[in-house]
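[1] following is a predicted model, sequence given first.
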Amino acid sequence: MSSISRRDFVARSGSCAAHLALAAIVTPDTLRAAWARTALGPVVAREPFGSLEQVADGIWALISTPLGGDSTTVSNGGIIAGRSGVIAVEGFNKAAGASWLATKSRELTGRWPTHVVVTHYHGDHANGVAGYVVADNASSPPPAVRTTERTRDLVVQKNQPADPARTTTIQGSVPLSSTEPTTIDLGNRRVRIVPRSGHTDSDVSLEIEDPSVVFCGDLVWNAMFPNYVDAIPSRLATSVKALRRDRATLYVPGHGALARQPDFDRYASMLAEVEQAARKAYQQGTSAADAGAAYSLPSSLGEWTLFNKVFFERAFAAWYKELGG
Ligand SMILES: [Zn+2]
């Protein structure tokens, strides 16, 4: 927090991408290195912006490493392949990120993505979506972009800088139901896309039964304190509870390394700690700014990247909004 004022920091860290770019300023090198190093599956591609890890037969997760300074992708995402189609997960921060993932899809599966799912509107998940519709894909049709109507509208209304290619691509998306899960049949593999909320007004998760793999979008962050900028914390808690499975599962978080059950549970415990602290501070009449400034996560929860006080203040403010309403 040395080179920029707190006010600037609050103003500029509205989106997840800015949140992470600024986190790079305040994150110790050791933590950055640990985050970039943690891989659960074989790494099939490594770039300055992230690593593509195979998590199961036909399933790869892109674990982005933006704290090194490369913002091509910023969010995590991935590839889910079946005999008759391939889903690319997320549109990423820049079109180059989406094009890169699509090229990897072709290398690994023989196919350009047939579907793209954008989990929510934030720029680091949506802004590069037009990268799936590019000239070097002349041999196959552009993928069907799937997102909820709410997410589509928010991308068009809020995401900056405006980009006509992005707008055209997202306007052409096929809406996902906001009330019922949608199943995409990839031949030998079915993927359920489940409408949820809590990180934003409209989030979706992508859920596979066998092997048990869940792409969580930004409903789950692994070892990183999440951005509550649009959060509805009670709904976030409900969504996280619903995402947890009772069997061995690999969770692809929106940010941070691949997560197994203990990582997932540590995240859920962290959210519960924040809730408890926010409720108490609210009852005592403490302002969100003061409560956030005074707060620290219990050491039993381990290390969390982005422990800057601004993020705590934002979490308290999100809870206050709900408690006051
Ligand atoms: Zn987000």
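    Received it, and whenever you're ready, just let me know what you need. Quick caveat, the model's predicted, so the values are computed rather than measured. Numbers count the residues shown, from 1 in each chain.

[2] could you pull out the strands for the stretch 151-300 of the chain?
    Assigned by DSSP state E, counting those that start in this stretch, the stretch 151-300 of the chain shows strands spanning 174-176, 182-185, 190-196, 203-208, 213-215, 250-252.

[3] mean pLDDT added to those, as JSON lines?
    As requested, the strands of the stretch 151-300 of the chain are exported to JSON lines (pLDDT from 0 to 100):
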{"stretch": "strand 174-176", "mean pLDDT": "96"}
{"stretch": "strand 182-185", "mean pLDDT": "98"}
{"stretch": "strand 190-196", "mean pLDDT": "98"}
{"stretch": "strand 203-208", "mean pLDDT": "98"}
{"stretch": "strand 213-215", "mean pLDDT": "98"}
{"stretch": "strand 250-252", "mean pLDDT": "97"}
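
[4] any chance of those in TSV, with mean neighbour count and distance to the ion too?
    C-beta here means a position set from N, CA and C on the backbone, and glycine is covered the same way. TSV is the format used below for the strands of the stretch 151-300 of the chain (neighbours: other Cβ atoms under 10 Å; distance: least, Cβ to the ion, whole Å):
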stretch	mean neighbour count	distance to the ion
strand 174-176	16	17
strand 182-185	15	21
strand 190-196	20	13
strand 203-208	24	8
strand 213-215	25	14
strand 250-252	25	14
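
[5] where does the stretch 151-300 of the chain get nearest to the ion, which residue?
    Using Cβ to the ion, the single residue of the stretch 151-300 of the chain nearest to the ion is D218, 3.6 Å away.

[6] nearest to A231, out of the strands of the stretch 151-300 of the chain?
    With distances scored as Cβ to Cβ, the stretch of the strands of the stretch 151-300 of the chain nearest to A231 is strand 203-208 (10.3 Å).

[7] and the angle for that closest one with strand 190-196?
    160 degrees (axes from the mean of the first three to the mean of the last three Cα atoms, to 10 degrees).

[8] and A88, that's in a strand?
    Yes - A88 sits within a strand when classified using DSSP: H, G, I helix; E, B strand; the rest coil.

[9] mind listing what's buried in the lengthiest helix in the chain?
    Ranked by residue count, the top helix of the chain under DSSP state H comes out as helix 261-284. Residues 263-264, 266-268, 270-271, 274-275, 277-278, 281-282 are the ones in helix 261-284 that count as buried (16 or more other Cβ atoms under 10 Å).

[10] that older thread, and the residue of the stretch 151-300 of the chain closest to the ion, how many neighbours?
    25 (other Cβ atoms under 10 Å).

[11] ok, S299 next?
    7.

[12] on that earlier part again, show me the contacts for the residue of the stretch 151-300 of the chain closest to the ion.
    Applying Cβ atoms under 8 Å, 6 or more residues apart in numbering to D218 gives the contacts 16, 75, 119-120, 122, 125, 199-200, 203, 226-227, 254-255.

[13] any stretches of the stretch 201-325 of the chain with poor pLDDT?
    Low-confidence segments of the stretch 201-325 of the chain, defined by pLDDT under 70, span residues 306-309, 325.

[14] turn the buried residues of helix 261-284 into CSV, columns for distance to the ion.
    Shown next, in CSV, are the buried residues of helix 261-284 (distance: Cβ to the ion, whole Å):
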residue, distance to the ion
D263, 18
F264, 18
R266, 20
Y267, 15
A268, 18
M270, 17
L271, 15
V274, 17
E275, 19
A277, 22
A278, 20
A281, 25
Y282, 24
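
[15] could I get the full set of helices for the stretch 101-250 of the chain?
    Taking DSSP state H, counting those that start in this stretch to define them, one finds helices in the stretch 101-250 of the chain at 123-126, 149-158, 164-171, 233-243.
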